[in-house]
Each structure stands twice: as structure tokens, then as C-alpha cells.
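[1] Pasting a predicted model and its sequence here:
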Amino acid sequence: MAFGKVTEETVYTCTGHPLKSDIANILDWMLNQDFTTAYRNIMALKTLKGLALHDILTEIHLFVHRVDFPSSVRIHLLTKMAEIEYRLSVGTNEKIQLSSLIAAFQVTRDLIVTEA
């Protein structure tokens, strides 16, 4: 057996799926840090854990539907995420798409402040 004990973390690690704590960190960085810090932190996490942006995007999508964003903000964010997912599916550079994702969340942060 590759891991001594079966835990949530070992299952996620074995399957290459991002941990919930990883997604929470990524969301925190995108919504609360400046662009450069968020980008560096997410790239370091992706490299350390071997995460694919598509898997991260899938988990973040679930988060967007659970949070009580204003409708216009949710629509903006889901549209941007759909565009990023499409671009990933046609083989564009993950680093560029990560930049797009961070930018979308930072614009979302600004929209929330504006609508408050």
C-alpha cells in the first residue's frame, strides 16, 4: 500500500485531486492578496502538489455556487471561469489562464465592494 493509513488527505493526494484546505487557501489568496502574491502562492502550491488548473477550477466552481454573491457578481465570475475552462480545453497556457482566474477574482472583489 502506498500510504500507511487511508485518510482524506491520502485519498486526495493519491488521486491528484486538490484538498479542500488547498482550495480554501487559493480562494483566500485570490480574494485577499495582491495579484503577484496570489500568483506566486498558487504556482508554488500547484508545483508542490502537482495540481492541474482544471481541477482547481472545478472545485472553485462549487464554491462560487455556495457563496452568497450578488447576482451580477456571480454572473461575471461564472462567465470568466467558463471562458478560462474553454481556453484550457483548447490547449492554452496554464500560467496565462491562472493569471486570468486571479484577475477575475480580484475584479469580483472590487465589484462586491462597489455593490455594498
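    Structure's in. What do you need? Numbering: from 1, shown residues only.
[2] Provide a list of residues in contact with the closest residue to Leu45 other than its chain neighbours.
    By the measure of CB to CB, 6 or more residues apart in numbering, the closest residue to Leu45 outside its immediate chain neighbours is Asp22, 6.2 Å from it. Every residue, glycine included, has its C-beta placed from N, CA and C. Asp22 makes contact with 45, 49, 51, according to CB atoms under 8 Å, 6 or more residues apart in numbering.
[3] From Ser99, how far out is Asp22?
    Plainly put, Asp22 is 19 Å away from Ser99 if you go by CB to CB, to the nearest Å.
[4] quick one: buried residues of whichever strand or helix holds Asp22?
    Using DSSP states H and E, Asp22 sits in helix 20-32. Judged by neighbour count using 16 or more other CB atoms under 10 Å, the buried positions of helix 20-32 are 22-23, 26-27, 29-30.
[5] sorry, back to before: can you list the contacts of Asp22 in a markdown table and add neighbour count, secondary structure and pLDDT?
    Formatted as a markdown table, the contacts of Asp22 follow (neighbours: other CB atoms under 10 Å; DSSP: H, G, I helix; E, B strand; the rest coil; pLDDT from 0 to 100):
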| residue | neighbour count | secondary structure | pLDDT |
| --- | --- | --- | --- |
| Leu45 | 18 | helix | 96 |
| Lys49 | 14 | helix | 89 |
| Leu51 | 20 | coil | 92 |
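[6] now, which of those sits nearest Gly4?
    The closest of those to Gly4 turns out to be Lys49 (CB to CB; 19.3 Å).
[7] what's the closest non-adjacent residue to that closest one?
    Of all residues not flanking Lys49 in the chain, Asp22 sits nearest, at 6.7 Å (CB to CB, 6+ apart).
[8] And for Met30?
    According to CB to CB, 6+ apart, the nearest residue to Met30 is Phe105 (3.8 Å).
[9] For whichever helix or strand the one you found is part of, name the packing helices and strands.
    Element membership of Phe105 [criterion: DSSP H and E] is helix 94-115. Applying 3 or more CB pairs under 8 Å, 6 or more residues apart in numbering; DSSP states H and E, one finds that helix 94-115 contacts helix 20-32, helix 35-49, helix 53-66, helix 71-89.
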